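Student: Below are the sequence and a predicted model; questions follow.
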Amino acid sequence: MRSFHALVLLAAAGALAQNSSTASAPSPELSAHDEPATFKARVNLVSVPVVVRDSQGHAVGNLNKEDFQLFDRGKPQLITRFSVERRGGLPIAAPNAAGAPSTTSPGAPASEIPQAYVAYLFDDVHLEFADLARVRDAADRTILATLGPDARIAVFTTSGQGNLDFTDDREALHQALMKLRPRPIARSTAQQCPDVSYYMGDLIVNRNDSQALEAATQETLACDNLDPQRMYQMAQRLAMSAAQQAVRSGEQETHVAFTVLRDTIRRISVMPGQRMVVLTSPGFLVLTESRQEETDVLERALQAKVIINALDGRGLYTDSVAGDISKQQYSPFATNLKAQYDRMASRTDADVMAELADGTGGLFVQNTNDLDRGFHRLATAPEFVYILGFSPQNLKLDGSFHRLKVTVRAQKLEIQARRGYYAPTKAATPVDTAKEEIAEAVFSQEEVRELPVDLHTQFFKSGDTDAKLAVLAHLDVKHIQFRKADGRNNEELTIVTALFDRNGNFIKGTQKTLQLRLRDETLAAHLESGLTVKTSFDVKPGSYLVRLVVRDGEAQQMAAESGAVEIP
C-alpha cells in the first residue's frame, strides 16, 4: 500500500495558534505532526463470517446476536461484536460545501464511480487443458454478460502470465480470457515412470505408507522392465525418489497458489468498494506445513473485507475404478491402488476452496458441468453476511489451531461459517492495530458515523487541464470525547483523506495527526462552530472518488465517508 504524505491545512489553526501565543501555558493548544497515530491496544478479536440460508437456499438476514452460539474448541464464547453486512451499496452523491464555488451544475448527475470489484483468479498451474478450455469459454460468455457500468473486473492467473488489471474494457477482458492456457510450474505434463501424484507422494514420504510405496515400486518394475528378483531394491529407491520429487513439486505449486492469492487480495483490498475474488481451480493439496499460508490468506481477506468465491473447474467429477484411462497402465495392483488414491485426492484437493469460501462468507460451487450458471452465481456476493467477533480468553500465543463451530437457535437453516483459526505467535502492537483499522476504513465504501464528521468538496479550475480540489472535513468538536488532565481537554485525531480514479485506483492521500490540548474557554468560545480540516489536491479533469477517515485516540471511534466529484 502506498504511503500517505501529510499535506493537511487547518482552517481553525490560526485562531487557536493566536490564542495559545498569549497564554502562559508552555504547551500549545493545537499541534499537528506526521508521527504514526498511537491508540490503545485492542484485545485479540477473531472475526467469524457467517452466511445463513433457508431450505430454499435463500440468504437469511433477520437474525440477531442472541440467535447465534459460537464455540472455540468446543467451549462457548461471548460474542462481543455483531453486525450484518448487506451486499452492494447505494450510488455515491457528490457533496459540495455550502456556498462553495463549483463548476458543477445543481442538476448534474453524480459521477459514475465503480461500486464493485471482482478479481477472477484462474489456477492455470493446476487445471488440465480440457478443464481450463471449458472454464475459459464459460467465463467469456458469462463474465462479460454480468459486467455493469458500476463494476470493474480483473483477470489474474496463478502462473502470473496474461494478467489484466481492473477494467471495464470488454474487448481487453475477452482477449485476456482467450489467452488462458495450462502452465504447470514444477511438474511435467508427460507421464513419468513411476507416475506418483502429490497425494501419493505425501503418503510415501511423510506418512511412511508402505502400501503406497509398494504400488510405486511395482509400477517402476513394470514401466522400466526391471527384473523383480534382482532389481527390486533399485526400483524401490527409484519409487522413493519419484515420491520425494512429487512432494517438492506439489509444495512449490501450492506455495505459488497461496502467494498469488495473497497478492490478489492485496491488490483488490485497495479498491474502494465491494471486493470479491473468484477462484477457479481443481483445488490443491494443503499439507500441515502450508496451513499457515492458508491462514494468512484468510486473515488478509477478512481484514480487507474481501469475499472469496470458488468454482471447481473440473466440473462434474466422476470416480473411475479403472484409474486414469488417459495414462498407460502397467501394474494391476498399482492401477487399482492409485485409482483409490486419486478419488481420495480429488476430495481432499477441493477442501481448500471450501475453507477459503466459508472463511470469508463466500460461496463454493462444485460438482457441476453447468459452468455458466456457476459463474453467474459467483458474480455477486451473498445478500447477507453476519460478522461475529469474539475475544478468546487466555489465548496462548503458540500458533495452534482452534476449531470453530457456529449454531443458530432456529431450525432448518443451513449455516456456512469460518472453520477455525490459528492462534498468533506474538501480540499486535498498538501502532500496527491503528494502521490496520485506518487502512481498512480508507479502502472501503462503508459509511461509519461513530464521530460527528461531515465531508464537503469544492474545486477551482486554474486552466483547461489543471484544477485544485479541496476536501473539507468538518468536525463537531462538542460531541468528541476529551480527556481532562492538567486543566486541558486532551484528544488526538488522525485524519486521512484519499483520492481514487474512476476505476478505483488509489492516486494519492494525506494523513495528519492533530494533538488537541484545549482550555475550557477555548473549547467553548473558539470551537463552538466546530473544526474544519482542509486538504487540497492538484488534479486533472476527470471523475474521482474522495474518501475521508477520522479516528480519535481517546474513545477509539471512527468516521468514514465517501464523495464523488466530476471535474470537467
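Tutor: Thanks, I have the structure now.

Student: any weak-confidence spans in the stretch 101-250 of the chain?
Tutor: Low-confidence regions of the stretch 101-250 of the chain, defined by pLDDT under 70, span residues 101-113, 186-190.

Student: how about the helices of it, start to end?
Tutor: 129-142, 170-178, 198-205, 210-223, 232-268 (DSSP state H, counting those that start in this stretch).

Student: what's the answer for the chain, then?
Tutor: Under the criterion DSSP state H, helices of the chain are mapped to 13-21, 129-142, 170-178, 198-205, 210-223, 232-268, 291-303, 332-360, 371-378, 430-442, 520-525.

Student: I'd like those laid out as TSV, including distance to residue 480 and mean neighbour count.
Tutor: Quick note: C-beta positions are derived from backbone N, CA and C, even for glycine. Converted to TSV, the helices of the chain look like this (distance: least, Cβ to Cβ, whole Å; neighbours: other Cβ atoms under 10 Å):
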stretch	distance to residue 480	mean neighbour count
helix 13-21	15	15
helix 129-142	49	18
helix 170-178	47	16
helix 198-205	57	23
helix 210-223	66	22
helix 232-268	33	19
helix 291-303	27	19
helix 332-360	34	19
helix 371-378	43	20
helix 430-442	17	18
helix 520-525	10	14
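
Student: what comes up buried for stretch 71-81?
Tutor: 72, 77, 79 (16 or more other Cβ atoms under 10 Å).

Student: one step back: tell me which of the helices of the stretch 101-250 of the chain sits nearest to residue 496.
Tutor: Of all the helices of the stretch 101-250 of the chain, it is helix 232-268 that lies closest to residue 496, at 18.8 Å by Cβ to Cβ.

Student: Tell me what angle that closest one forms with helix 332-360.
Tutor: Calculated by axes from the mean of the first three to the mean of the last three Cα atoms, to 10 degrees, helix 232-268 forms an angle of 20 degrees with helix 332-360.

Student: Counting by contacts, list what helix 232-268 packs against.
Tutor: strand 116-122, strand 151-157, helix 198-205, helix 210-223, strand 274-281, helix 291-303, strand 306-312 (3 or more Cβ pairs under 8 Å, 6 or more residues apart in numbering; DSSP states H and E).

Student: I'd like the ones you listed as TSV, with distance to residue 505 appended.
Tutor: Output for the helices and strands packed on helix 232-268, formatted as TSV (distance: least, Cβ to Cβ, whole Å):
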stretch	distance to residue 505
strand 116-122	10
strand 151-157	9
helix 198-205	38
helix 210-223	50
strand 274-281	13
helix 291-303	19
strand 306-312	17
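
Student: returning to that earlier point: adding pLDDT, write the buried residues of stretch 71-81 out as a markdown table.
Tutor: Supplementary listing: the buried residues of stretch 71-81 in a markdown table, determined by pLDDT from 0 to 100:
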| residue | pLDDT |
| --- | --- |
| 72 | 95 |
| 77 | 94 |
| 79 | 93 |
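
Student: between the residues you listed, which is nearest residue 489?
Tutor: Using Cβ to Cβ, the buried residues of stretch 71-81 come closest to residue 489 at residue 79, 35.0 Å.

Student: and that closest one, what are its phi and psi?
Tutor: phi -80, psi 110 (degrees, to the nearest 10).

Student: That one against residue 391, yeah?
Tutor: No - contact between residue 79 and residue 391 fails when scored by Cβ atoms under 8 Å: they sit 10.0 Å apart.

Student: the strands in the stretch 401-550 of the chain, which residues?
Tutor: Listed in chain order, the strands of the stretch 401-550 of the chain (DSSP state E, counting those that start in this stretch) span 401-408, 414-417, 420-422, 448-449, 453-461, 467-475, 483-485, 488-500, 506-518, 531-539, 542-552.

Student: Looking at per-residue confidence, what score does residue 90 get?
Tutor: pLDDT for residue 90: 31.

Student: Residue numbering should commence at 4 henceforth.
Tutor: Sounds good: first residue 4 from here, last item residue 93.

Student: re the thing from before, which of the helices of the stretch 104-253 of the chain sits closest to residue 317?
Tutor: Ranking the helices of the stretch 104-253 of the chain by proximity to residue 317 (Cβ to Cβ) places helix 132-145 first, at 5.4 Å.
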